[in-house]
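Peer 1: Attaching a predicted model along with its sequence, questions to come.
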Amino acid sequence: MTLIFIRIFFILLSIIVGFQVGSFIQHENLDFGKIGAAVGFLVAVAITLFEFAMRKVSVRGLSSAVFGLIFGLIMAKLVSDTLALVPIDETMLYSLRVVLTLIFCYLGMIVAIRGRDEFNIIVPYVKFSRQDQKDELVVLDTSVIIDGRILDIGNTRFLEGKFVVPRFVLRELQQIADSSDSLKRARGRRGLDILAKLQKNPNIDVKIHNEDFADIKEVDAKIVKLAKVLSAKVFTNDYNLNKIAEIQSVKVLNVNELANALRPVVLPGEGMEIRLSKEGKEYNQGVGYLEDGTMVVVDNGRRLIGQSVKVIVGSVLQTAAGRMIFGKLPEDLKRDRNNNRR
C-alpha cells in the first residue's frame, strides 16, 4: 500500500512540475502548461512501469554494479592521466579518454555483477549495531518447514536470531502444494501452513529473502550459497544438504540430530514396557516403538504382538536412520542365565 501511495504521489508531482515548466513557454495558440502536464504524466507513467519491471533486480546486484562502475571510472581516469604524460594530439587524447571510460566501466560492472556474492563489504550491507549484540541468521530449507517440528522448537526460544526463508524455497513449497500427486500436495500445503504459523508467532522472527542465484539450478546449492553470503546457519533435516553444507564450511542445525540428542538414555540391563505392533525381520522377533519413534526389537516376541510386554534392554545400536534398541523378555533372559550356569 505504501508503494502505491508513493507511485501516485510521484505521478501527481510530475504533472505539477510539467505544468509549471510548460507555463514558462509563451505561445498565442498553444497552452504549453497543459502540454507540459501531459508530458509529465507520460514520463512519470513510463518511469513507474520501468521501476515495476525492475522489481526482480536485487539490491545486492545493483550495488555491485554501482561499485563496478565507480571502479571502472577510477581505472579509466588513472590510465587516461598516464597517457596524458605522452605527447599525444588533444583530439586523440579526448577520444582515448571516452573509449577507455566506456571499456573500463563496462568491464568493471560485468566483473562486479559476476562476483556480487563476494561483495559483503559494500556500504548497503554494513550493519551498524552494538558490538555486544549479534544478529544470528538461520536459513530454513523446504524439508524442515514441511517437517513442522521447527514450530515447536521456535516456541521454546532455544534458537535466537532470525529465520530466513529464501524466495526460491517458498516457490518450491508452492510447486509442491500445486502438485498433481495427492501426497506431495498435502506435504506442500502443510509446509505453507507451518510457514504461516511461524510468521504469526510473536516469539519467532521470520524474514522472506528475495535473493536468487540464477546461475544455480539446485535448491540445496542455492541454500548453501545464500548461507555463505549471509554468514548464516542452515536449518534442515535433509541428510544430503547437511553433508553439502558441512563440506563448504557452512554451519548446520539438523533437527534430526537434535531429536536424537534429546532422546532418553537407555542402558543395557534396564527394563521398559513396550507394545509390540509387528513382526521383525529375523525369525520370531517382535517390534514396537517408543513415543519418540525409537524402534525396539524383542527376541521371541512374535507371539505377543498386539500386547504390552516388559522388556530388558540388551543393546542399543545408533544408525544413520536413528536409534534401535534390542531387548529380551524377562523369562527368556532368566532362562539364558540358567543355561550359562550349567
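Peer 2: The structure has been received and is ready for your questions. A quick note: this is a predicted structure, and the numbers were derived from the prediction, not measured. Numbers count the residues shown, from 1 in each chain.

Peer 1: Specify the local secondary structure of Gly288.
Peer 2: What DSSP: H, G, I helix; E, B strand; the rest coil gives for Gly288 is strand.

Peer 1: what's the answer for Ile208, then?
Peer 2: strand.

Peer 1: Just give the closest residue to it, not the sequence neighbours.
Peer 2: Closest residue to Ile208 apart from its sequence neighbours, by Cβ to Cβ, 6 or more residues apart in numbering: Val165 at 5.4 Å. From N, CA and C alone the C-beta is placed, and that goes for glycine too.

Peer 1: How about the contacts made by that neighbour?
Peer 2: Taking Cβ atoms under 8 Å, 6 or more residues apart in numbering, we find Val165 in contact with Val139, Leu140, Ile145, Leu195, Val206, Lys207, Ile208, His209.

Peer 1: Would you mind measuring from the third one to Gly188?
Peer 2: Using Cβ to Cβ, to the nearest Å, one obtains 10 Å as the distance from Ile145 to Gly188.

Peer 1: anything in contact with each of the two?
Peer 2: Contacts common to Ile145 and Gly188, judged by Cβ under 8 Å, 6+ apart, are Leu173.

Peer 1: Name the residue in the two with the higher neighbour count.
Peer 2: Using other Cβ atoms under 10 Å as the criterion, Ile145 and Gly188 rank with Ile145 on top: 26 against 22.

Peer 1: Can you tell me how far that one is from Leu151?
Peer 2: Per Cβ to Cβ, Ile145 is found 9 Å from Leu151.

Peer 1: any common contacting residues for those two?
Peer 2: Joint contacts of Ile145 and Leu151 (Cβ under 8 Å, 6+ apart) are Ile194, Leu198.

Peer 1: need the strands for the stretch 201-342 of the chain, in chain order.
Peer 2: Remark: strands assigned in the stretch 201-342 of the chain by DSSP state E, counting those that start in this stretch are 205-209, 233-236, 252-254, 271-279, 286-289, 295-298, 308-319, 322-328.

Peer 1: Pairing partners for the fourth one, with directions?
Peer 2: In the sheet containing strand 271-279, the strands it pairs with under DSSP bridges are strand 286-289 (antiparallel), strand 308-319 (antiparallel).

Peer 1: Let me know which of the ones you listed is tucked in deepest.
Peer 2: Across the strands paired with strand 271-279, averaging neighbours per residue (mean count of other Cβ atoms under 10 Å) puts strand 286-289 on top, at a mean of 22.

Peer 1: would JSON lines of the strands of the stretch 201-342 of the chain with mean pLDDT be doable?
Peer 2: Output for the strands of the stretch 201-342 of the chain, formatted as JSON lines (pLDDT from 0 to 100):
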{"stretch": "strand 205-209", "mean pLDDT": "84"}
{"stretch": "strand 233-236", "mean pLDDT": "86"}
{"stretch": "strand 252-254", "mean pLDDT": "83"}
{"stretch": "strand 271-279", "mean pLDDT": "88"}
{"stretch": "strand 286-289", "mean pLDDT": "90"}
{"stretch": "strand 295-298", "mean pLDDT": "89"}
{"stretch": "strand 308-319", "mean pLDDT": "84"}
{"stretch": "strand 322-328", "mean pLDDT": "83"}
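
Peer 1: Where does pLDDT dip in the chain?
Peer 2: For the chain, applying pLDDT under 70 flags the ranges 1, 26-30, 56-60, 115-135, 262-264, 319-322, 340-342.

Peer 1: Got the domain ranges for it?
Peer 2: The chain breaks down by automatic domain parsing into domains covering 2-116, 137-260, 264-341.

Peer 1: so of these, which one's packed in deepest?
Peer 2: Most buried of these, by mean neighbour count (mean count of other Cβ under 10 Å): domain 137-260, with a mean of 17.

Peer 1: thinking again about what came up before, include distance to Asp220 when you put the strands paired with strand 271-279 into JSON lines, please.
Peer 2: Compiled in JSON lines, those are given as follows (distance: least, Cβ to Cβ, whole Å):
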{"stretch": "strand 286-289", "distance to Asp220": "30"}
{"stretch": "strand 308-319", "distance to Asp220": "23"}
